[in-house]
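> can't give you the sequence, but here's the structure:
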């Protein structure tokens with residue numbers, strides 16, 4: 001069986017968006033399925049990680065076509081490159097105009113100019129090559145519109161994979177959209193869902209929300225992969241709280257900084273031992289809150305590091321911080337980071353909805369603690385308990401049932417869907 005996979009993010013792209021389909025591509029050949037990847041030529045990726053190129057199986061056919069991106073133009077006017085980074089806080093009048101144009105004239109997203117040339121190129125490719133199934137993955141959801149057009153032209157089996165929801169994504173409510181634009185987003189999303197033969201999602205909340213449009217909705221979560229584990233890693237000497245990935249405004253929970261500041265004042269040893277490690281981009285609001293709570297002396301900032309190096313930090317950390325966006329869709333947010341945290345087998349401290357998808361996994365795997373967004377006292381008690389275990393040399397976690405989240409096991413789930421008649 002040959003499968004054509006359409007993805008905007010693929011090595012040398014770094015960050016979380018590339019992992020899911022890089023790993024599926026890695027393991028599909030073990031199940032007798034040949035993946036062909038269609039991606040972007042010379043993309044303006046916000047993060048580059050050349051080390052991920054080594055994970056692409058040898059001999060995999062990779063098709064590439066160039067793209068025209070408004071991000072390339074916008075980057076001349078802003079310092080930071082981010083996937084949804086045009087939603088800057090307190091933009092200038094000119095910035096607001098750019099946000100409005102991008103939100104309402106580039107639907108579903110800024111990669112829409114890739115749709116028509118991709119459909120033309122792939123229609124010709126499919127007429128000359130036998131492909132058994134087409135898979136599109138979004139965001140960017142423009143990729144799904146390529147799949148929609150190919151489905152209508154060829155009627156080849158089409159699977160639409162949603163790594164994040166479309167209109168329920170965490171920042172959708174922040175977009176400066178007109179009513180007409182909101183309606184257009186919903187119409188396109190529903191057309192994709194209704195037309196695809198199968199739809200993949202990463203969490204149960206998204207599955208439940210999409211079932212009214214298509215009964216063939218399947219949850220295949222993200223997961224973890226093999227890595228070069230450190231043999232009996234030496235844990236950090238300090239009481240390290242490690243957060244990996246973007247810490248944006250919606251993930252900046254003031255209760256965390258206040259709880260840590262109060263514990264510093266109440267326990268002198270805690271002040272000496274505390275080390276807040278943040279790897280990746282940190283928003284100015286978080287840095288300001290950290291400073292205002294007198295935590296700068298306890299802070300270690302680390303720029304983006306490659307994927308393999310991340311595992312070393314995770315294995316050595318005393319506690320792994322998982323901060324979920326405090327947005328209307330928080331219950332359904334299931335960051336891919338959780339699964340690699342599971343593999344590190346260190347205690348996870350999550351600030352997230354207690355009735356959400358993330359909390360379900362943490363509880364089922366006995367891998368840590370979940371504190372809701374407004375539970376500062378509970379958060380403070382939990383951190384102090386973790387710290388006491390650290391001081392007594394017994395800070396550990398006995399997680400269970402994590403094997404089902406290995407990328408090979410998840411690929412097997414995908415294969416079963418591909419082989420369904």
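All right, it came through fine. Nothing here was measured: the structure is a model prediction, and the numbers come from that model.
> quick check: which ranges of the stretch 1-150 of the chain have low pLDDT?
By pLDDT under 70, the weakly predicted segments of the stretch 1-150 of the chain are 71-91.
> need the helices for it, in chain order.
Ranges of helices in the stretch 1-150 of the chain, per DSSP state H, counting those that start in this stretch, are 19-27, 70-74, 93-105, 115-128, 142-154.
> now do the helices in the stretch 201-350 of the chain.
204-210, 254-266, 268-273, 284-292, 307-316, 337-344.
> what residues does the shortest one touch?
Identification of contacts with helix 268-273 by CB atoms under 8 Å, 6 or more residues apart in numbering yields 238, 239, 263, 264, 265, 298, 384, 387, 390, 391. (C-beta placed from N, C-alpha, C; glycine too.)
> try 7 Å
For helix 268-273, contacts defined as CB atoms under 7 Å, 6 or more residues apart in numbering pick out 238, 239, 263, 264, 387.
> got it, and stretch 322-332?
So stretch 322-332 is contacted by 165, 168-170, 173, 203, 205-206, 243, 247, 250-251, 253, 333, 337-338, 341, 348-353, 355-358, 373 (CB under 7 Å, 6+ apart).
> and those, which are buried?
Among the contacts of stretch 322-332, those buried by neighbour count (16 or more other CB atoms under 10 Å) are 165, 168-170, 203, 205-206, 243, 247, 250-251, 253, 333, 337-338, 341, 348-353, 356-358, 373.
> just to revisit the earlier point, residue 402 is nearest to which of the helices of the stretch 1-150 of the chain?
Among the helices of the stretch 1-150 of the chain, the nearest to residue 402 by CB to CB is helix 19-27 (15.7 Å).
> what's the closest non-adjacent residue to residue 24?
Using CB to CB, 6 or more residues apart in numbering and skipping residues adjacent in sequence, the residue nearest residue 24 is residue 411, 5.6 Å away.
> and the one you found, how close does it get to residue 21?
11 Å (CB to CB, to the nearest Å).
> what does residue 166 give?
The gap separating residue 166 from residue 21 is 18 Å, by CB to CB.
> kindly report the same for residue 248.
Taking CB to CB as the criterion, residue 248 is separated from residue 21 by 24 Å.
> what is the neighbour count of the closest residue to residue 152 other than its chain neighbours?
Excluding the flanking residues, the one nearest residue 152 by CB to CB, 6+ apart is residue 195, at 7.6 Å. Neighbours of residue 195 under the rule other CB atoms under 10 Å: 17.
> could you report the pLDDT at residue 195?
Note on residue 195: pLDDT of 98.
> isn't it up against residue 147?
No. Using CB atoms under 7 Å, residue 195 is not in contact with residue 147; the gap is 8.7 Å.
> quick revisit: mind putting the helices of the stretch 1-150 of the chain into a markdown table with distance to residue 364?
A markdown table is the format used below for the helices of the stretch 1-150 of the chain (distance: least, CB to CB, whole Å):
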| stretch | distance to residue 364 |
| --- | --- |
| helix 19-27 | 21 |
| helix 70-74 | 39 |
| helix 93-105 | 38 |
| helix 115-128 | 39 |
| helix 142-154 | 30 |
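> which one of these lies closest to residue 183?
helix 93-105 (11.7 Å).
> in the closest one, which residues are buried?
Using 16+ other CB under 10 Å as the test for burial, helix 93-105 gives 98, 99, 102, 103, 104.
> any chance of the residues you listed in CSV, plus distance to residue 199?
Formatted as CSV, the buried residues of helix 93-105 follow (distance: CB to CB, whole Å):
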residue, distance to residue 199
98, 33
99, 30
102, 27
103, 25
104, 27
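> tell me the one of these nearest residue 319?
When the buried residues of helix 93-105 are compared against residue 319 (criterion: CB to CB), the nearest one is residue 99, at 36.9 Å.
> you'd agree the closest one is up against residue 177?
No. If you go by CB under 7 Å, residue 99 and residue 177 don't touch, sitting 10.2 Å apart.
> could you pull up the contacting residues of the residue lying closest to residue 347 once chain neighbours are set aside?
Excluding its sequence neighbours, the residue lying closest to residue 347 (CB to CB, 6+ apart) is residue 397, at 4.6 Å. By CB under 7 Å, 6+ apart, the contact set of residue 397 is 345, 346, 347, 367, 368.
> make TSV from those residues and add neighbour count to it.
Output for the contacts of residue 397, formatted as TSV (neighbours: other CB atoms under 10 Å):
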residue	neighbour count
345	17
346	25
347	21
367	24
368	24
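> can you put these in a markdown table and add distance to residue 62 and pLDDT?
Converted to a markdown table, the contacts of residue 397 look like this (distance: CB to CB, whole Å; pLDDT from 0 to 100):
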| residue | distance to residue 62 | pLDDT |
| --- | --- | --- |
| 345 | 35 | 91 |
| 346 | 36 | 95 |
| 347 | 40 | 97 |
| 367 | 36 | 97 |
| 368 | 38 | 97 |
